[in-house]
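> Starting from these lines, generate the structure:
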Amino acid sequence: MSALIALRAPSAAERLADLAVQALVDEADLSPKPGLVDRRGSGAHSDLHLGLMHASAHALWPAFKEMAEAAQAIGEVGQPLRETLGQLGRDGEAEMLRVTNGVNTHRGAIWALGLLSAAALLESGASAERIAMTAAALARLEDPVAPHNTDSHGARVCRRYGVLGAREQAQHGFPAVIEHGLPQLLASRRAGAGEQNARLDALLAIMSTLTDTCVLHRAGLEGLSRMQAGARAVLEAGGAASLAGRRQLRLLDRDMLALNASPGGAADLLAATLFLDRLAPAALAPTGSN
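Numbers count the residues shown, from 1 in each chain. Alright, predicted model coming up:
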């Protein structure tokens with residue numbers, strides 16, 4: 001971010017980029033997450049650590065800003081915006097890989113938060129559901145110049161198991177976020193769970209139903225079943241704020257580590273949940289307005 005930005009009020013696109021990066025940092029910091037990088041360590045990953053996740057998140061700020069600016073300049077859902085977002089996302093991914101020395105830290109999050117940043121600019125002040133549906137309309141448009149990597153982990157998993165991946169989550173309006181993550185986050189807050197426990201509960205709600213292709217890749221259908229059942233067990237025991245829920249959470253963490261399984265897809269969608277949660281109508285209002 002240039003020094004000039006600090007001398008003036010940030011634009012709507014800059015504030016959205018701030019929110020997207022903060023959502024990624026908050027997701028990384030949240031602890032204890034089963035099988036995932038957090039403040040305790042690297043989880044089921046040998047090539048990731050918390051500092052790398054932070055560096056990756058901050059490296060994506062320009063890409064998120066430019067995606068929101070593109071939405072502002074083009075002004076509507078359509079092929080021009082979809083293709084522009086695709087190119088900006090690929091540029092952001094290249095910068096991420098440069099910063100991480102080739103480690104895929106946030107590829108799925110670029111897709112989700114990039115779409116949501118653009119949709120939030122187009123739908124300033126709208127509900128999370130409306131923003132998610134606008135993002136879905138963008139996701140359903142084809143990007144004719146996008147490379148078709150049919151040999152990626154996600155593509156192979158989707159073919160093998162006949163499941164939907166991150167692309168389909170976006171195309172359907174992020175149901176894991178809108179129907180599970182956000183409602184659980186708000187319910188746990190209302191119940192007095194505390195913010196960190198409420199965020200853990202939101203992650204678990206996503207994990208309890210999500211067909212996480214990251215887990216399928218590492219641990220197959222058995223791993224996916226154990227992830228979903230373990231996440232439900234935590235919530236049924238009272239959630240992360242309860243002693244019984246914490247016991248179940250420790251068991252789930254041990255299970256994921258034993259399987260070498262990391263619910264990275266759920267982590268990306270938790271970041272999307274935190275991003276949408278912060279998008280109160282006032283968030284994009286011009287500084288100094290009523």
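> in this structure, which segments are predicted with low confidence?
1-6, 148-155, 158-164, 281-290 (pLDDT under 70).
> at 90 what do you get?
1-8, 44-48, 143-168, 213-214, 216-219, 221, 280-290 (pLDDT under 90).
> Show me which positions of the longest helix along it end up buried.
For the chain, the longest helix by residue count, based on DSSP state H, is helix 213-236. For helix 213-236, a neighbour-count test (16 or more other C-beta atoms under 10 Å) marks 213-219, 223-224, 226-228, 230-235 as buried. C-betas here are computed from N, CA, C, even on glycine.
> try stretch 122-135
Result for stretch 122-135 [16+ other C-beta under 10 Å]: buried residues 122-123, 126, 128, 131-135.
> can you map out the helices along the stretch 1-150 of the chain?
3-6, 12-29, 50-59, 61-74, 79-99, 107-122, 128-139 (DSSP state H, counting those that start in this stretch).
> Which strands or helices does the last one pack on?
What that stands for is helix 128-139. Contacts defined by 3 or more C-beta pairs under 8 Å, 6 or more residues apart in numbering; DSSP states H and E place helix 128-139 against helix 79-99, helix 107-122, helix 166-171, helix 264-278.
> ditto for the third one
Helix 50-59 sits against helix 12-29, helix 79-99, with contacts defined as 3+ C-beta pairs under 8 Å, 6+ apart.
> Reformat those helices as TSV; add mean neighbour count and distance to Phe275.
Shown next, in TSV, are these (neighbours: other C-beta atoms under 10 Å; distance: least, C-beta to C-beta, whole Å):
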stretch	mean neighbour count	distance to Phe275
helix 12-29	23	4
helix 79-99	18	15
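> Need those helices in CSV (columns: distance to Gly108).
Below are the helices and strands packed on helix 50-59 laid out as CSV (distance: least, C-beta to C-beta, whole Å):
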stretch, distance to Gly108
helix 12-29, 11
helix 79-99, 10
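> out of those, nearest to Glu179?
Comparing the helices and strands packed on helix 50-59 against Glu179 with C-beta to C-beta, the closest turns out to be helix 12-29 (18.8 Å).
> List the contacts of the closest one.
Helix 12-29 is contacted by residues 1, 5, 10, 37-39, 50, 53-54, 56-58, 60-62, 64-66, 68-69, 72, 106, 109, 113, 116-117, 120-121, 124, 199, 267, 270-272, 274-275, 278-279, 283-284 when judged by C-beta atoms under 8 Å, 6 or more residues apart in numbering.
> Of the helices and strands packed on helix 128-139, which is nearest Ala187?
Nearest of those (C-beta to C-beta): helix 264-278, 12.6 Å.
> Show which residues not belonging to the closest one make contact with it.
19-20, 22-24, 26-27, 30, 33, 36, 106, 108-109, 112-113, 116-117, 128, 131-132, 165-166, 169, 174, 176-177, 181-182, 185, 199, 202-203, 206-207, 210, 212-215.
> picking that back up, now the buried members of the contacts of helix 12-29.
Buried, going by 16+ other C-beta under 10 Å: 37-38, 50, 53-54, 56-57, 60-61, 64-66, 68-69, 72, 106, 109, 113, 116-117, 120-121, 199, 267, 270-272, 274-275, 278-279, 284, out of the contacts of helix 12-29.
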